[in-house]
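[1] pasting the structure only:
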């Protein structure tokens, strides 16, 4: 929590949403490893944890969307390092935590009285759907624990907890889905984003739920976020996952309240606690230097620059940039356990076409002992040419001899040219050859 007032607690709800942002920005491993040992010290015999660790909050149970750091943070540590030790060292404690929630549910649904904080500091009613929020967290931790068991080779646990996660997802849908409205719960941004973000929505309802969700954001919410500690991260990633990157970017770059740019427009040089901390001065719970909303930097790395973990520890890297209409370029680099991963793209004019910003350059750095999938957006071009370091490697569907020895394959996949490459530095340029669909 914040260092400038007398509430210096290790609030778990402040961490689960931006732990991955920590790893992109800092050498944060020892910090989180130590904090996971604090979780070990704090855990009770029944598997529960305090909502703030080291122990600072007492109660009959934690909020399921707070103390889920018990499972979520070790999983993030593993993703960014590939080190199974971070999972193995916490395995029994994670299982006890997940089992506590299993034993506390009614037909896999978390009772509403067991959720304390709701979608903390959201613009919409933060306590609107306590049971939905709690059951979502129960699914999330059970799903991650099933994956953890599989990684460590505990096949019986992997099967049992996968079946349990599937049962929770089915119960979630049956309990909270409104088939007439194609929505979940009370229909807030968060109640849409949570099940969509984890794949809980059945295939036959998915398209309708996404369309209703997007229509709400555009028509009711004026393309502004309404989410809090639980819903904000799922909101901006889910929109991208379902093909609405431009809408996600509109939300992220919104200059009016609520949002990140609004803070800057009001003179902020550090992240606020509330979306409206400017109106909360003197309220008794208001920080102008707070951790949670720094989660947005992960979105910059993973979505705009496109740097992501393909296989744990960046053994395989994904470079999948998102080119949105309002940006001319984006770049990022991060230091991984294998070395620096970097990505930079910029819109350019295709020579002879006379159309501005219809071409693209993409520079990528892949560290030693890693491979990568690189996706170059075609920007709507039906026919494109791709060069690497000035030499043509793809010409409207025809692969030519790769100029770079690290290029293993090139193919077209819809609106992307996809390359499989090895370690090295690459300088790609995409050029439009045919018509452009806008």
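    Nice, I can see it. Please read all numbers here as calculations on a predicted model, not as lab measurements. Numbers count the residues shown, from 1 in each chain.
[2] what distance separates the helix or strand residue 175 falls within from the centre of its chain?
    Taking DSSP states H and E as the criterion, residue 175 maps to helix 155-176. Computed by C-alpha atoms, centre = their mean, to the nearest Å, the chain-centroid distance of helix 155-176 equals 22 Å.
[3] Following element in sequence after the helix or strand hosting residue 237, please.
    Assessed by DSSP H and E, residue 237 sits inside helix 232-241. Toward the C-terminus, helix 232-241 is succeeded by helix 245-252 as the next helix or strand (DSSP H and E).
[4] just checking, what packs against the following helix or strand past the helix holding residue 175?
    Downstream of helix 155-176, the first helix or strand assigned by DSSP H and E is strand 177-178. Applying 3 or more C-beta pairs under 8 Å, 6 or more residues apart in numbering; DSSP states H and E, one finds that strand 177-178 contacts strand 183-184. Bear in mind the C-beta positions are built from the backbone N, C-alpha and C, glycine included.
[5] ok now the strand it packs on, how far from the chain's centre?
    21 Å.
[6] Could you do stretch 412-422 as well?
    With C-alpha atoms, centre = their mean, you get 23 Å for stretch 412-422.
[7] can you pull the buried residues of it?
    Across stretch 412-422, burial judged by 16 or more other C-beta atoms under 10 Å covers 412, 417, 419, 421.
[8] Once you drop chain neighbours, what's closest to the third one?
    Distances taken as C-beta to C-beta, 6 or more residues apart in numbering place residue 374 nearest to residue 419, at 4.5 Å, with adjacent residues excluded.
[9] surely the one you found meets residue 421?
    Yes. Contact criterion C-beta atoms under 8 Å: residue 374 and residue 421 qualify, at 5.9 Å.
[10] who touches both of those two?
    residue 364 (C-beta atoms under 8 Å, 6 or more residues apart in numbering).
[11] quick one: contacts for the closest residue in space to residue 260 that isn't next to it in sequence?
    In this structure, residue 260 finds its nearest non-sequential neighbour in residue 296, 5.7 Å apart by C-beta to C-beta, 6+ apart. Residue 296 makes contact with 21, 236, 252, 260, according to C-beta under 8 Å, 6+ apart.
[12] and the third one, what is it in contact with?
    Looking back up the chat, that one is residue 252. 236, 259, 260, 296, 299.
[13] I'd assumed residue 245 was in contact with the first one.
    The one in question is residue 236. No. Counting by C-beta under 8 Å, residue 236 stays clear of residue 245, with 9.7 Å between them.
[14] Overlap in contacts, those two.
    Joint contacts of residue 236 and residue 245 (C-beta under 8 Å, 6+ apart) are residue 303.
[15] So between those two, which is more surrounded?
    residue 236 (24 against 18; other C-beta atoms under 10 Å).
[16] which regions of this protein sit below the pLDDT cut-off?
    Applying pLDDT under 70 to the chain picks out residues 351-357, 434-438.
[17] Strands along that one, start to end?
    177-178, 183-184, 307-311, 316-319, 329-336, 339-348, 359-366, 371-377, 384-388, 391-395, 398-399, 407-413, 416-421, 424-432 (DSSP state E).
[18] just to revisit the earlier point, for the helix holding residue 175, packing partners?
    helix 91-104, helix 130-151, helix 189-197.
[19] show me the contacts for residue 369.
    Counting by C-beta under 8 Å, 6+ apart, residue 369 has contacts 315, 338, 423.
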